[in-house]
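J.: Just the structure for this:
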Amino acid sequence: MANRNEKVPVNVPGKFYVDASCVDCDMCRGIAPRTFRRDDESGQTYAYRQPVTEEEIAQARAGMEGCPTESIGEDGEGI
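T.: Numbering: from 1, shown residues only. Take a look at the predicted model:
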């Protein structure tokens, strides 16, 4: 389960985020490219944009559910 106290610093504020346990496998970016992106400096994925439409939210959740390290959370704060 993702830990919102260990968020990757470049996540945008909002419900979805990636924590420091990310191994940059590219799975979530393939499923939800409008939400997740790679940070070349840290070598980790982050939420660069919060999903807005029902389709984007479903894709972000699918990325979260498929994450092999459970590094994506949906309990973040802020907008």
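J.: for the protein, what spans make up the helices?
T.: Listed from the start of the chain, the chain has helices (DSSP state H) covering 27-31, 54-66.
J.: what's the closest non-adjacent residue to residue 75?
T.: Residue nearest to residue 75 in three dimensions, not counting chain neighbours: residue 4, with 6.0 Å by C-beta to C-beta, 6 or more residues apart in numbering. C-betas here are computed from N, CA, C, even on glycine.
J.: how many other residues sit next to that neighbour?
T.: The tally of other residues near residue 4 (other C-beta atoms under 10 Å) stands at 14.
J.: so what's it up against?
T.: Counting by C-beta atoms under 8 Å, 6 or more residues apart in numbering, residue 4 makes contact with 17, 19, 73, 75-77.
J.: now swap in residue 57 and tell me
T.: residue 51.
J.: Next: the one 5 residues further on.
T.: Contacts of residue 62 were listed using C-beta under 8 Å, 6+ apart, and they are 31-32.
J.: Tell me which two of the contacts of residue 4 sit farthest apart.
T.: With distance counted by C-beta to C-beta, no two of the contacts of residue 4 lie farther apart than 19 and 77, which are 13.8 Å apart.
J.: So between these two, which is more surrounded?
T.: Remark: of residue 19 and residue 77, residue 19 carries more neighbours, 22 against 10, as counted by other C-beta under 10 Å.
J.: who does the more buried one bridge with?
T.: residue 7 (DSSP bridges).
J.: What pLDDT does the model give it?
T.: pLDDT for residue 19: 97.
J.: can you tell me how far it sits from residue 8?
T.: To residue 8, residue 19 is 7 Å away according to C-beta to C-beta, to the nearest Å.
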